[in-house]
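1. 3D model of this:
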Amino acid sequence: MKALLMIFILLLSLPLQAETRTEEMLRRSDNLAASEAEPLQTFYWQALQSWQQGDTVQALRDFDYAAWQGSLAAAERLCVMDAFGVGAAPNTLKAAFWCERAELGGRDMAQVRQYLEQSWVASE
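-> The predicted model follows:
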């Protein structure tokens, strides 16, 4: 009985652990943005401000714009958001694209890549 209770508690904590990892990855993007060149920082912080104000659509547009302008932080954030469905439904194709862009800039996106690969295998 005690073993079943432990398994039940562990299963309940899995979504929380995944959410915590996602939040950590998003914070990592925020920290990176602080070290980017000034125009890229401005684009990123505008997007983050829209996000914090609850304007998800505008935030996603702004992060997309920042990433296309060269912000690795925005590319990394979009990779995570698209992979895990933060702010919109998961989009593995977009996530893979933004992960690739972030990795080309030297970012380590192995955790997200692994998740995407598992998602693709599960959907086959």
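
2. can you pull the buried residues of stretch 61-80?
-> 62-64, 66-67, 71-80 (16 or more other Cβ atoms under 10 Å). For glycine as for every other residue, the C-beta is placed from the backbone atoms N, C-alpha and C.

3. Then stretch 25-35?
-> 25-26, 28-29, 32-33.

4. Residue 116: which of those is nearest?
-> Using Cβ to Cβ, the shortest approach to residue 116 within those belongs to residue 25, at 13.2 Å.

5. And the pLDDT at the closest residue to that closest one other than its chain neighbours?
-> Among residues not flanking residue 25 along the chain, residue 80 sits closest, at 4.6 Å (Cβ to Cβ, 6 or more residues apart in numbering). Note on residue 80: pLDDT of 95.

6. Test my guess that residue 80 contacts residue 115.
-> No. With contact defined as Cβ atoms under 8 Å, residue 80 and residue 115 do not form a contacting pair (9.6 Å).

7. mind listing the helices for this protein?
-> 2-33, 38-52, 56-68, 72-84, 92-104, 110-123 (DSSP state H).

8. Tell me where the model's unsure across the chain.
-> For the chain, applying pLDDT under 70 flags the ranges 1-19, 123-124.

9. and the gap between the most centrally placed residue in it and residue 38?
-> The residue lying closest to the centre of the chain (Cα atoms, centre = their mean) is residue 80, at 1.7 Å. Per Cβ to Cβ, to the nearest Å, residue 80 is found 24 Å from residue 38.

10. what does residue 97 give?
-> Applying Cβ to Cβ to residue 97 and residue 38 gives a distance of 26 Å.

11. and these two? which has more neighbours close in?
-> With neighbours defined as other Cβ atoms under 10 Å, residue 97 and residue 38 compare such that residue 97 has more, 16 against 7.

12. doesn't residue 49 make contact with residue 30?
-> No. Residue 30 is beyond contact range of residue 49, at 11.8 Å (criterion: Cβ under 8 Å).
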